[in-house]
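A.B. asks: Any chance you can model this:
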Amino acid sequence: SHHMRPLFPSRFAGYALTVKLRKQENKDSHALQGMIDAIDTGNENSVYVMVVEDGADIAGMGGLMGTAMAARNFSGAVIDGGVRDTAYLQKIGFPVFALGTVPSTSVGHYVFDGSNVPVVCDGVPIKPGDIIVADDDGVAVVPIDRAREVLKVAQEMDFKEHSMYAVIEKLKSLGEAIRQFGRL
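C.D. replies: Residues are numbered from 1 along each chain as shown. Purely as a prediction, here's the structure:
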């Protein structure tokens, strides 16, 4: 994804538990109930993936939701929208990637629009159960039906790259190392 950033140093992996919020002014105290229900189904393998329609200036989650996810041992959260209560989220050690930090809330302005449904999060298609991997470099998505193939390629790349460090240091040449290993 292009715009997602860690709100503080974070690293996690797990399976996407998706939630969508749709922009709609309302006075319905149950407008976000489906979101709450979805959080209450997650576990230690879950990564909460939320898409907030036009949500860059709206907090898709804050301290209460983060506390619930942490209590259920979620791996982390990826919010296509803003986040609030970041000092508290950092204090409890719950890792979140989002578009930014904002003070606003979705309550009264958004309605629940589905969970465990395919979403497009910051331009990236994600299906429920896809593997989400995040670290200080950003967020990556591995479609669950391609996981074995992606793991094999990633392991090969990792082995080659780590082998190249010593060669680059010894030869003092990036170009020669690339010629020897056949990749950058």
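
A.B. asks: Show me which helix runs longest in the chain.
C.D. replies: When the chain is scanned for its longest helix (criterion: DSSP state H), the result is helix 147-171.

A.B. asks: need the next SSE after that one, C-terminal direction.
C.D. replies: Going down the chain from helix 147-171, the next helix or strand is helix 174-181, by DSSP states H and E.

A.B. asks: ok, what's across the strand from the most centrally placed residue in the chain?
C.D. replies: Nearest to the mean C-alpha position of the chain, by CA atoms, centre = their mean, lies Val78 at 3.0 Å. Beta bridges link Val78 to Val49, Phe97, judged by DSSP bridges.

A.B. asks: now the one 4 residues further on
C.D. replies: When bridges are taken as DSSP bridges, the partners of Gly82 come out as Ala59, Gly100.

A.B. asks: What segments of the chain are helices?
C.D. replies: 33-39, 63-71, 86-92, 147-171, 174-181.

A.B. asks: other SSEs contacting the first one?
C.D. replies: Under the contact criterion of 3 or more CB pairs under 8 Å, 6 or more residues apart in numbering; DSSP states H and E, the helices and strands touching helix 33-39 comprise strand 12-23, helix 63-71, strand 110-115. Just so you know, the C-beta spots here come from the backbone N, C-alpha and C atoms, and that holds for glycine as well.
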